[in-house]
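**Q** fold the following and give me the result.
(one chain, ligands or ions: 1)
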Amino acid sequence: MEKYDVVIVGAGTAGCLAAKTVAKAGLDVLLIDRKQKQDIGRKICGDAVGQHHFDKLGLTYPKGDELERVMAGVRIYSPDLQSIFDVKGEGLKGFLLNRHAFGQRLLKEALDAGTQLKDQTQALEPIIEKGYVKGITAKNQKTETTAKFYAKITIEASGFPAIIRKKLPPEMGVPTEVENQDVEACYREIRELKDPIEDPEMCHIYLSQKHCPGGYYWIFPKGDSKVNVGLGVAMINKFPNPRETLYRHVLSKPIFKDSSLIEGGAWYVPTRRPLDNMVGNGIIIVGDAACQVNPIHGGGIGPSMMGGTLAGRTVIEALEKDDVGCDGLWGYNVKYMESYGLKQAGLDVFRAFLQETDDDELNYSMRLRLITEDDLLQTSLGKEVKLTITEKSVRVFRGIRKVSFLRKLRSTVALIKKAREWYGRYPDSPGDFEEWTQKTARLFNSEA
Ligand SMILES: Cc1cc2nc3c(=O)[nH]c(=O)nc-3n(C[C@H](O)[C@H](O)[C@H](O)COP(=O)(O)OP(=O)(O)OC[C@H]3O[C@@H](n4cnc5c(N)ncnc54)[C@H](O)[C@@H]3O)c2cc1C
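**A** All right, here's what the predicted structure looks like:
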């Protein structure tokens, strides 16, 4: 039987940051991953991350083989391709990563800080004793043997599969399921083009409810002629197959003629507000397993690194106070909600609105500039969403018999403000949580 201060399941961006943080404090940390050590960091991803996440966490910027390109901003295309928004500025500067090299760097930093790694080790379930998570059971994939790993605190960082979260008993108070409608099914490829791409410093995002319902497709330049191209669709009703859609509607474009495939793959991303509660007795949930992802663009590298770091700091405090129960870990919820959760909550309201918006409405909204590039920039920096609804817009929307769209847009903007304020009042202790979570459910249902 092995015993540690902390066991972390999953060596992705969330798990590595959590491991580095706790190991640096001299704690005895075990990090497990089902992948082989040299494959850790290989992740189906768009590979784009904002610089501001690194600034906030005091992390060194990607460099050398981790960095494929510096990005200046995002270019958003309306479904009819007639309106193009260039959203540039401090909040949108970022990096196109070599995801594998970046993941290996994060792993190295965790190991250098003193983390012990067991690779090719698959977590199976939590060990629950007297209402506390006491560690995990895991299978060594080389020897096919199963062992128990005990820990004072377990950190669930297994990403979308959320293997440990899904097996927590209800009395732990952590939501175990995420609804399909809150998940994007994605497919992406890395491709070498025949010719250099235009405006390679911009990440290109294409809105199209027709082809990517509830999502979008992207072309992110990685080198002069290397791109990350993919799409995501909301898993609502009978959603289209992302790979087929990419081949039919995106890779059929002239710029992909004679391009070659470097690698491709499908995966999922939860695009909603964070789980209402991300801690239980002896356990903290981080990263995709806790839905720490931007609900609009699906970016989770930054928030998962933040979640991992905050979880690590909370674990250190809890072990110092010798309080590893839900109360002792609660501060993690509060800190995450303050720093990123409230932004996610606001954007989750906007996501629900966008999912019900058709291509005509998107085309007119962008053409009439109901939301401008500057507003989008401010929103991406975490500020409130602003609307510019002029007399002319009202006339145009009335003309196409969609004036109700403007009413819905106005009420959505008001609801975004309300959701952000509400998350700013996340309860300081578990005692007030029940009331908060019930009111939260009402707030999000009221958007329907
Ligand atoms: C197609 C696509 C495009 C995306 N594009 C972007 C983007 O451009 N920018 C951005 O910021 N985000 C993007 N994301 C989201 C981003 O990739 C994730 O939010 C982020 O990687 C989450 O990190 P994580 O550490 O929580 O999970 P992961 O990175 O998934 O790490 C989880 C780790 O746990 C391990 N694991 C899983 N199950 C077990 C188990 N049972 N036992 C042991 N180990 C286990 C896995 O092997 C993995 O190493 C995208 C996602 C997808 C699917």
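**Q** do you know how far the residue in the chain sticking out farthest from the centre is from residue 393?
**A** Farthest-out residue of the chain from its mean C-alpha position, per CA atoms, centre = their mean: residue 399, at 38.6 Å. From residue 399 across to residue 393, the span is 11 Å (CB to CB, to the nearest Å). (C-beta placed from N, C-alpha, C; glycine too.)
**Q** same deal with residue 42?
**A** 46 Å.
**Q** of the two, who's got more company?
**A** Neighbours were counted for residue 42 and for residue 393 using other CB atoms under 10 Å; residue 393 has more, 20 against 15.
**Q** for residue 405, which non-adjacent residue is closest in space?
**A** Spatially, and ignoring its direct neighbours in sequence, residue 405 is nearest to residue 361 (5.2 Å; CB to CB, 6 or more residues apart in numbering).
**Q** next, the one you found: phi, psi?
**A** phi -60, psi -40 (degrees, to the nearest 10).
**Q** what does the model give it for pLDDT?
**A** Looking at residue 361, its pLDDT is 90.
**Q** does it really touch residue 402, like I thought?
**A** Yes - with contact defined as CB atoms under 8 Å, residue 361 counts as touching residue 402 (6.3 Å).
**Q** of those two, which one has the most company?
**A** Shown here are residue 361 and residue 402; by other CB under 10 Å, residue 361 has more neighbours (21 against 15).
**Q** report the separation between the more buried one and residue 52.
**A** 30 Å.
**Q** and residue 273, by the same measure?
**A** Separation of residue 273 from residue 52 (CB to CB) stands at 20 Å.
**Q** and for residue 347?
**A** Residue 347 is 15 Å from residue 52, by CB to CB.
**Q** neighbour-wise, which of these two wins?
**A** Per other CB under 10 Å, whichever of residue 347 and residue 52 has more neighbours is residue 347, with 26 against 17.
**Q** what does the helix or strand containing the more buried one contact?
**A** Using DSSP states H and E, residue 347 sits within helix 342-355. For helix 342-355, the external contacting residues (CB atoms under 8 Å, 6 or more residues apart in numbering) are 213-214, 234, 236, 271-274, 291-296, 303, 379, 382, 384-385, 408-409, 412, 415-417, 419-420, 422-424, 444, 447-448.
**Q** now, those residues that are in strands?
**A** Counting by DSSP state E, the contacts of helix 342-355 place residue 234 in strands.
**Q** if we look at the ligand, which of the contacts of helix 342-355 are close to it?
**A** residue 293 (CB under 6 Å from any ligand atom).
**Q** report the buried members of the contacts of helix 342-355.
**A** Buried members of the contacts of helix 342-355, counted by 16 or more other CB atoms under 10 Å: 213-214, 234, 271-274, 291-296, 303, 379, 385, 408-409, 412, 415-416, 419-420, 422-423, 444, 447.
**Q** among these, which ones are in helices?
**A** 303, 379, 408-409, 412, 415-416, 419-420, 422-423, 444 (DSSP state H).
**Q** quick one: name the residues of the stretch 201-350 of the chain near the ligand.
**A** So the stretch 201-350 of the chain meets the ligand at 230, 267-269, 287-289, 293, 298-302, 304 (CB under 6 Å from any ligand atom).
**Q** ramachandran angles for residue 85?
**A** phi -110, psi 120.
**Q** got a list of what whichever residue of the stretch 51-200 of the chain sits closest to the ligand touches?
**A** Of all residues in the stretch 51-200 of the chain, residue 159 sits closest to the ligand, at 2.6 Å by CB to the nearest ligand atom. Shown in contact with residue 159 (CB under 8 Å, 6+ apart): 10, 12, 14, 287-289.
**Q** rerun at 6 Å
**A** 10, 12, 288 (CB atoms under 6 Å, 6 or more residues apart in numbering).
**Q** who wins on neighbours among the residues you listed?
**A** Neighbour max across those (other CB under 10 Å) = residue 10, 31 neighbours.
**Q** pretty sure that one contacts residue 157?
**A** Yes - using CB atoms under 6 Å, residue 10 makes contact with residue 157 at a distance of 3.9 Å.
**Q** how about the residues of the stretch 51-200 of the chain near the ligand?
**A** Near the ligand, when you scan the stretch 51-200 of the chain using CB under 6 Å from any ligand atom, you find 122-123, 157-159, 161, 163, 186, 188.
**Q** which among those end up buried?
**A** So, by 16+ other CB under 10 Å, the buried ones in those are 122-123, 157-159, 163, 186, 188.
**Q** could you identify the most distant pair in the residues of the stretch 201-350 of the chain next to the ligand?
**A** Comparing every pair within those by CB to CB identifies 230 and 289 as the most remote, at 21.8 Å.
**Q** where do the strands sit along the stretch 251-400 of the chain?
**A** Using DSSP state E, counting those that start in this stretch, the strands assigned to the stretch 251-400 of the chain run over residues 260-270, 279-280, 283-285.
**Q** please read the previous query as pertaining to the stretch 51-200 of the chain.
**A** Remark: strands assigned in the stretch 51-200 of the chain by DSSP E, counting those that start in this stretch are 67-71, 73-77, 84-88, 94-97, 116-118, 121-129, 132-140, 145-156, 183-192.
**Q** the following helix or strand past the last one packs against which elements?
**A** Sequence order places strand 202-207 as the next helix or strand after strand 183-192, per DSSP H and E. For strand 202-207, the contact count by 3 or more CB pairs under 6 Å, 6 or more residues apart in numbering; DSSP states H and E identifies strand 73-77, strand 216-221 as packing neighbours.
**Q** out of those, which is closest to residue 148?
**A** strand 216-221 (42.4 Å).
**Q** can you tell me the strand partners of that closest one and which way each runs?
**A** Using DSSP bridges, strand 216-221 pairs in its sheet with strand 202-207 (antiparallel), strand 226-234 (antiparallel).
**Q** then it to CSV, C-alphas only?
**A** As requested, the backbone C-alpha atoms of strand 216-221 are provided in CSV (Å, rounded to 0.1, in the frame of the first residue of the first chain):
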residue,chain,number,x,y,z
TYR,A,216,-17.6,27.1,-35.2
TYR,A,217,-14.7,26.1,-37.4
TRP,A,218,-11.2,27.4,-37.1
ILE,A,219,-8.0,27.8,-39.0
PHE,A,220,-5.1,28.6,-36.7
PRO,A,221,-1.8,29.3,-38.5
